[in-house]
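Trainee: build the 3D model from these lines:
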Amino acid sequence: MILVGSFFVIALLYATVGFGGGSSYIALLALENTPYTVIPKISLLCNLLVVSMGSYHFIKRKHFSKDLILPFVLSSAPMAFLGGLYKIEEKTFFMILTSSLILSGLRLLFVSDKMKDQIKPPGFLLSFGIGALLGLLSGLVGIGGGIFLSPLLINMGWARSKEAAAVASFFILINSLTGLGGQFYKELSFPDLGNYLGLFLAVLIGGQIGARLSVHSKISYWWIQKGTGFLTLVISVRLLLKALSY
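Mentor: As a prediction, the model looks like this:
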């Protein structure tokens, strides 16, 4: 029940800032000694349950920019599939995961929103290259990559917080789909769904709530972002301590 509750809270918090929560699902599953070959599949499925509704609400409220997201997903989608195909060693998997969590947690804590007149979208080639890199990382470890893209968009002055959250949500949706395809193509197997139905239900409900909060004008994006960053760092430190104890 603790794991189910944790997945609910993560889905709710991450959905409010346009994320699926994949990186934290992976860390928690790893702490529960879930087989590492199974973890990305569970994480990506949870991502899909969360960001599909988030993407819908962001598009409906017109926070979504097709021109901004297009070059990122054109390169990230095939690279996420290729990343999912690659058979990564367990030690390498956890090294990449822990490093990713720490980096993303720090970026969420210290990123600050830009003023409207400071926004200047990146060029096509730069977006295409970044999308390819994040897509590959997404497929390798089973995350959507939005937790890296959103802070980058804000830090570089390419988008404001709401627009960055909308782009990240759709980015995660596409990468989770293609990354999951690569994972299943690599190994067409899945654990007993009955063991994880509680987790899927928890993220579905948490994601629904978070998606509605994300587009609410009275919800403080800044506080939620900092809370999400802190939560990410706590989980990453726990995972790091476990890895060092081996």
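Trainee: show me the contacts for residue 104.
Mentor: With contacts defined as CB atoms under 8 Å, 6 or more residues apart in numbering, the neighbours of residue 104 are 23, 147-148, 151, 229, 232. Heads up, the C-betas are built off the backbone N, CA and C, glycines and all.
Trainee: which of the residues you listed fall in helices?
Mentor: If you go by DSSP state H, the contacts of residue 104 have 23, 147-148, 151, 229, 232 in helices.
Trainee: pLDDT score assigned to residue 219?
Mentor: At residue 219, the predicted lDDT confidence score is 59.
Trainee: quick one: mean pLDDT for the longest helix along the chain?
Mentor: Using DSSP H to define each element, the chain has its longest helix at helix 161-186. Averaging the model's pLDDT scores along helix 161-186 yields 86.
Trainee: name the residues of the helix or strand that it is followed by that are buried.
Mentor: Beyond helix 161-186 in the direction of the C-terminus, DSSP states H and E gives the next helix or strand as helix 197-214. Residues of helix 197-214 classed as buried by neighbour count (16 or more other CB atoms under 10 Å): 199-200, 202-204, 206-208, 210-211, 213-214.
Trainee: mind listing what residue 93 touches?
Mentor: Here residue 93 is in contact with 36, 140-141 (criterion: CB under 8 Å, 6+ apart).
Trainee: okay, these in CSV with distance to residue 180 next?
Mentor: What follows is those, written out as CSV (distance: CB to CB, whole Å):
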residue, distance to residue 180
36, 16
140, 13
141, 13
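Trainee: roughly how far apart are residue 59 and residue 160?
Mentor: To residue 160, residue 59 is 16 Å away according to CB to CB, to the nearest Å.
Trainee: these two - which one has more neighbours?
Mentor: For residue 59 versus residue 160, neighbours defined as other CB atoms under 10 Å are more numerous around residue 160 (18 against 14).
Trainee: hang on, isn't that one packed against residue 119?
Mentor: Yes. Between residue 160 and residue 119 there is a contact at 6.2 Å, judged by CB atoms under 8 Å.
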